[in-house]
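A.B. asks: Predicted model follows, preceded by the sequence.
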Amino acid sequence: MDKILLAICNGLSCFIICTILFQFMNERYKKSYSNRTLYIAAEIAMGITAFYINMLNLAILNLLIWFVGVGVTVYFLYYEDADRPIRRITESEVLVLCMSVCETLGVLLLHCFLQIGGILNIDVVMQYCLEVTFSKIVLIFLYYVLIKRLIKRLIKRTEAACSRKQYIIYGIMFFYSLVNML
């Protein structure tokens, strides 16, 4: 029963992350191919691959698969009018890092709630499921309330102006995310 519960939590987690990533890429960039099935298959393949890697319970490998999967996807399946693949990859990778920070905040929030409530002895599987749930709630909330709006605002301001500011902001976000993950 524990393995089934872990699989459901991991599957839901991968589904939510893939949905947000592909929604971002579909809104932000133009599709290189007109075949809609290709993009659905790419999203499913990324989700299934991440699911199996996540089931191995290796955090570094899990993060690596998201970075590689997003980088390859955004490079080969999307384009911009001013074809800047490095910019596309950077923006998408920064989103992955922001999402991991949001998930970390969700886990920290859960631990604070559990500590405040005096709940210290929880089954390992139950704790993992609670962490996944809280991290995804925080991720969804912060993405739609804050991150998505911030990205739109940054892109509108820097699209015609200087893109150097945008890269500085991405660098700061990247550094902050790495420090948070460590």
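C.D. replies: Looks like it arrived, so ask away. Residues are numbered from 1 along each chain as shown.
A.B. asks: Show residues contacting stretch 28-40.
C.D. replies: 22, 26, 74, 76-81, 88, 91, 151, 155 (C-beta atoms under 8 Å, 6 or more residues apart in numbering). In short, each C-beta sits where N, CA and C put it, glycine included.
A.B. asks: now the residue of the chain positioned farthest from its centre: how far from residue 133?
C.D. replies: Using C-alpha atoms, centre = their mean, the residue of the chain lying farthest from its centre is residue 118. It sits 31.1 Å away. Residue 118 is 20 Å from residue 133, where distance means C-beta to C-beta, to the nearest Å.
A.B. asks: okay but residue 51 is in contact with residue 17, surely?
C.D. replies: No: using C-beta atoms under 8 Å, residue 51 is not in contact with residue 17; the gap is 10.3 Å.
A.B. asks: Look at those two and report which has more neighbours.
C.D. replies: Higher neighbour count among residue 51 and residue 17: residue 17, with 22 against 17, using other C-beta atoms under 10 Å.
A.B. asks: which residues of this structure fall in strands?
C.D. replies: Counting by DSSP state E, the chain has strands at residues 30-31, 78-79.
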